[in-house]
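K.L.:
pasting the sequence and the predicted model now:
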Amino acid sequence: MLSRFSQLKLRELFITFVLAICESFESKPPSNSRQMKNLLQRIPSFLKNFYFLATLFFFVWLGFVDSNDLFFQAQLVNKKSELQSMKELYQDKILEVRNDQAALNGNPDLLEKMAREQYLMKKPNEDLYIVVKED
(Lines give C-alpha, C1' and ligand atoms only; values in the text may rest on other atoms or scores of the structure.)
Protein backbone atom coordinates (compact mmCIF):
# COMPACT_ATOMS: atom_id res chain seq x y z
CA MET A 1 0.00 0.00 0.00
CA LEU A 2 1.25 3.46 -0.79
CA SER A 3 1.98 5.70 2.14
CA ARG A 4 -0.04 8.84 2.60
CA PHE A 5 2.92 10.97 1.50
CA SER A 6 3.44 9.02 -1.72
CA GLN A 7 -0.30 9.19 -2.46
CA LEU A 8 -0.17 12.98 -2.10
CA LYS A 9 2.90 13.15 -4.35
CA LEU A 10 1.17 10.95 -6.94
CA ARG A 11 -1.89 13.20 -6.86
CA GLU A 12 0.30 16.27 -7.25
CA LEU A 13 2.06 14.75 -10.27
CA PHE A 14 -1.24 13.75 -11.84
CA ILE A 15 -2.71 17.23 -11.39
CA THR A 16 0.47 18.79 -12.83
CA PHE A 17 0.21 16.46 -15.82
CA VAL A 18 -3.43 17.37 -16.43
CA LEU A 19 -2.68 21.09 -16.14
CA ALA A 20 0.20 20.75 -18.60
CA ILE A 21 -2.09 19.07 -21.10
CA CYS A 22 -4.70 21.80 -20.66
CA GLU A 23 -2.07 24.50 -21.17
CA SER A 24 -0.79 22.80 -24.31
CA PHE A 25 -4.27 23.03 -25.86
CA GLU A 26 -4.50 26.72 -24.98
CA SER A 27 -1.10 27.63 -26.44
CA LYS A 28 -0.71 28.98 -29.95
CA PRO A 29 -0.43 26.42 -32.71
CA PRO A 30 2.97 25.90 -34.29
CA SER A 31 3.91 27.89 -37.36
CA ASN A 32 3.06 24.99 -39.59
CA SER A 33 -0.68 24.88 -38.88
CA ARG A 34 -1.28 22.55 -41.80
CA GLN A 35 0.62 19.75 -40.08
CA MET A 36 -1.23 20.46 -36.87
CA LYS A 37 -4.59 20.21 -38.61
CA ASN A 38 -3.57 16.88 -40.15
CA LEU A 39 -2.53 15.65 -36.74
CA LEU A 40 -5.80 16.76 -35.15
CA GLN A 41 -7.81 15.21 -37.98
CA ARG A 42 -6.14 11.84 -37.44
CA ILE A 43 -7.28 11.74 -33.81
CA PRO A 44 -10.63 9.91 -33.57
CA SER A 45 -13.51 12.20 -32.68
CA PHE A 46 -14.52 10.27 -29.56
CA LEU A 47 -11.07 10.96 -28.07
CA LYS A 48 -11.66 14.69 -28.47
CA ASN A 49 -15.08 14.50 -26.82
CA PHE A 50 -15.22 16.39 -23.51
CA TYR A 51 -17.47 13.80 -21.85
CA PHE A 52 -15.17 10.95 -22.82
CA LEU A 53 -12.15 12.82 -21.46
CA ALA A 54 -13.98 13.73 -18.24
CA THR A 55 -15.09 10.11 -17.75
CA LEU A 56 -11.58 8.84 -18.46
CA PHE A 57 -10.15 11.33 -15.97
CA PHE A 58 -12.75 10.24 -13.40
CA PHE A 59 -11.89 6.54 -13.76
CA VAL A 60 -8.14 7.18 -13.67
CA TRP A 61 -8.58 9.29 -10.57
CA LEU A 62 -10.70 6.67 -8.79
CA GLY A 63 -8.58 3.76 -9.95
CA PHE A 64 -5.10 5.01 -9.15
CA VAL A 65 -5.06 8.31 -7.24
CA ASP A 66 -7.95 8.18 -4.79
CA SER A 67 -7.40 6.89 -1.24
CA ASN A 68 -9.61 3.88 -2.06
CA ASP A 69 -7.76 2.97 -5.24
CA LEU A 70 -7.60 -0.45 -6.88
CA PHE A 71 -4.54 -1.51 -4.90
CA PHE A 72 -6.26 -0.76 -1.61
CA GLN A 73 -9.39 -2.60 -2.74
CA ALA A 74 -7.28 -5.67 -3.63
CA GLN A 75 -5.71 -5.59 -0.16
CA LEU A 76 -9.17 -5.42 1.40
CA VAL A 77 -10.31 -8.45 -0.60
CA ASN A 78 -7.24 -10.41 0.57
CA LYS A 79 -7.83 -9.37 4.17
CA LYS A 80 -11.48 -10.37 3.91
CA SER A 81 -10.60 -13.85 2.66
CA GLU A 82 -8.05 -14.28 5.48
CA LEU A 83 -10.62 -13.22 8.07
CA GLN A 84 -13.21 -15.59 6.63
CA SER A 85 -10.80 -18.51 6.85
CA MET A 86 -9.99 -17.56 10.46
CA LYS A 87 -13.73 -17.36 11.16
CA GLU A 88 -14.22 -20.90 9.87
CA LEU A 89 -11.31 -22.12 12.02
CA TYR A 90 -12.75 -20.52 15.15
CA GLN A 91 -16.23 -21.86 14.41
CA ASP A 92 -14.74 -25.38 14.21
CA LYS A 93 -12.96 -24.83 17.53
CA ILE A 94 -16.18 -23.56 19.13
CA LEU A 95 -18.02 -26.64 17.92
CA GLU A 96 -15.27 -28.88 19.34
CA VAL A 97 -15.38 -27.12 22.72
CA ARG A 98 -19.17 -27.38 22.86
CA ASN A 99 -18.97 -31.12 22.15
CA ASP A 100 -16.37 -31.52 24.91
CA GLN A 101 -18.55 -29.50 27.28
CA ALA A 102 -21.58 -31.65 26.56
CA ALA A 103 -19.53 -34.81 27.12
CA LEU A 104 -18.10 -33.49 30.41
CA ASN A 105 -21.46 -32.36 31.77
CA GLY A 106 -22.95 -35.81 31.22
CA ASN A 107 -20.09 -37.93 32.61
CA PRO A 108 -18.54 -37.16 36.05
CA ASP A 109 -15.76 -39.77 35.57
CA LEU A 110 -14.62 -38.05 32.38
CA LEU A 111 -14.76 -34.68 34.17
CA GLU A 112 -12.51 -36.01 36.95
CA LYS A 113 -10.09 -37.50 34.40
CA MET A 114 -9.82 -34.20 32.52
CA ALA A 115 -9.35 -32.22 35.73
CA ARG A 116 -6.51 -34.52 36.82
CA GLU A 117 -4.75 -34.65 33.44
CA GLN A 118 -5.10 -31.13 32.14
CA TYR A 119 -5.35 -29.02 35.29
CA LEU A 120 -3.26 -31.23 37.62
CA MET A 121 -5.98 -31.31 40.28
CA LYS A 122 -5.85 -33.87 43.10
CA LYS A 123 -7.90 -35.10 45.99
CA PRO A 124 -6.96 -33.78 49.46
CA ASN A 125 -5.37 -37.06 50.62
CA GLU A 126 -3.30 -37.66 47.44
CA ASP A 127 0.20 -36.70 46.40
CA LEU A 128 0.83 -35.64 42.80
CA TYR A 129 4.01 -36.55 40.95
CA ILE A 130 4.72 -35.06 37.52
CA VAL A 131 7.11 -37.02 35.34
CA VAL A 132 8.75 -35.01 32.56
CA LYS A 133 10.36 -36.91 29.72
CA GLU A 134 13.59 -35.43 28.42
CA ASP A 135 14.22 -35.78 24.71
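P.N.:
Cool, the structure landed. Numbering: from 1, shown residues only.
K.L.:
and Met121, how close does it get to Gln101?
P.N.:
Counting by CB to CB, to the nearest Å, the gap between Met121 and Gln101 amounts to 18 Å. Quick note: C-beta positions are derived from backbone N, CA and C, even for glycine.
K.L.:
show me what counts as buried in the host helix or strand of Ala74.
P.N.:
Secondary-structure element containing Ala74, defined by DSSP states H and E: helix 70-106. Burial within helix 70-106, assessed by neighbour count using 16 or more other CB atoms under 10 Å, is assigned to no residue.
K.L.:
what's the answer for stretch 55-66, then?
P.N.:
Neighbour count says stretch 55-66 has Val65 buried, by 16+ other CB under 10 Å.
K.L.:
give me the mean pLDDT for the helix holding Ala74.
P.N.:
Within the predicted structure, the mean pLDDT of helix 70-106 is 94.
K.L.:
now do stretch 52-59
P.N.:
When the per-residue pLDDT values of stretch 52-59 are averaged, the result is 90.
K.L.:
now do it: distance to the chain's middle.
P.N.:
Computed by CA atoms, centre = their mean, to the nearest Å, the separation of stretch 52-59 from the middle of its chain amounts to 26 Å.
K.L.:
other residues contacting that stretch?
P.N.:
Outside of stretch 52-59, the residues that reach it under the criterion CB atoms under 8 Å, 6 or more residues apart in numbering are Val18, Phe46, Leu47.
K.L.:
sort out which residues of whichever strand or helix holds Ala20 are buried, please.
P.N.:
With the criterion set as DSSP H and E, the secondary-structure element containing Ala20 is helix 4-26. By neighbour count, and taking 16+ other CB under 10 Å as the criterion, the buried residues in helix 4-26 are Gln7.
K.L.:
what's the angle from that helix to helix 70-106?
P.N.:
Regarding helix 4-26 and helix 70-106, their directions subtend 150 degrees when assessed with axes from the mean of the first three to the mean of the last three CA atoms, to 10 degrees.
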